[in-house]
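>>> Below is the sequence, then the predicted model.
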Amino acid sequence: MQNDLFSMRGKICVITGGSRGLGKAMARAFLHAGAKTIYVTARKSEECEQTAEELSKLEEGGECVALPGDMSSGEEIVRFAKSLAERESHIDILVNNAGTGWNGSVEEFPEIGWDKVMDLNVKTPFFLTQQLLPLLKANATPEDRAAVINI
Ligand SMILES: NC(=O)c1ccc[n+]([C@@H]2O[C@H](COP(=O)([O-])OP(=O)(O)OC[C@H]3O[C@@H](n4cnc5c(N)ncnc54)[C@H](OP(=O)(O)O)[C@@H]3O)[C@@H](O)[C@H]2O)c1
């Protein structure tokens, strides 16, 4: 009963910043719950590919695919969305997990730090969701909705 409640059987998911940390843990958990395919993205392509390879070997049988890219760039977001649309006719879940911080006191906090944090943590989730809306809507029904999770 509980397994059914939290089942992700057959779901296709995107997790930004899925190469390590919380994003990787979520990718693993989704695959454990039966997800069919998890797309992970991060800037360092080698780490991203390694994670995808590692998670694709889990017993549950789902696949983890690396689609590296810098999600703080509008152009790369568009490229990512196009590349995803070439592979999938829909997605079920988008996790906007990639995020960053900047250490510094209020007195000395630089504008470049503000822009870096706000770009990746606020602007990126909005525009990535915008670009992926067609795929999120494609298979969604009132009974089985698509979901966007913002970390
Ligand atoms: N860990 C915590 O205690 C904690 C607490 C509160 C909130 N959070 C939030 O939870 C999320 C994950 O945190 P975490 O601790 O797991 O972070 P992490 O270990 O630093 O991992 C960050 C992930 O995001 C990717 N990333 C960073 N910048 C990116 C960019 N421009 N484009 C694409 N991918 C990018 C990183 O890969 P690359 O470096 O290769 O790009 C990595 O996969 C963040 O949003 C963070 O703010 C975490």
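On my side now, so go ahead. Because the structure is predicted, anything quoted here is derived from the model rather than measured.

>>> for the residue sitting furthest away from the middle of the chain, phi and psi?
Centroid-distance maximum for the chain: E107 at 34.0 Å, with CA atoms, centre = their mean. For E107, the backbone dihedrals are phi -60, psi -30 (criterion: degrees, to the nearest 10).

>>> and it, how far is that from W114?
Distance, E107 to W114, by CB to CB, to the nearest Å: 14 Å. Glycine gets a C-beta too; all of them are placed from N, C-alpha and C.

>>> can you give me the helices in the protein?
Secondary structure of the chain (DSSP state H): helices at 2-5, 21-32, 45-56, 74-87, 111-118, 124-138.

>>> And the third one, what's buried?
If you call a residue buried by 16 or more other CB atoms under 10 Å, then helix 45-56 has these buried ones: 47-49, 51-52, 55-56.

>>> which parts of this structure sit against the ligand?
16-17, 19-23, 41-44, 47, 70-72, 97-100, 120, 151 (CB under 6 Å from any ligand atom).

>>> Buried ones from those, can you make that a PyMOL selection?
To isolate the buried ones among the residues of the chain next to the ligand in PyMOL, judged by 16+ other CB under 10 Å, type:
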select buried, resi 16+17+19+23+41+42+43+47+70+71+72+97+98+99+120
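
>>> so of the residues of the chain next to the ligand, which ones are in strands?
Mapping the residues of the chain next to the ligand onto strands (DSSP state E) picks out 16, 41.

>>> Leaving out the residues flanking it, which one is nearest to N96?
Closest residue to N96 apart from its sequence neighbours, by CB to CB, 6 or more residues apart in numbering: P125 at 3.7 Å.

>>> For the one you found, give me its contacts.
By CB atoms under 8 Å, 6 or more residues apart in numbering, the residues touching P125 are 96, 148, 150.

>>> ditto for D115
By CB under 8 Å, 6+ apart, D115 lies in contact with nothing.

>>> Use 13 as the first number for this chain going forward.
I'll keep to 13 as the first residue from here, and by that count the last item is D127.

>>> got a pLDDT number for it?
Looking at D127, its pLDDT reads 96.
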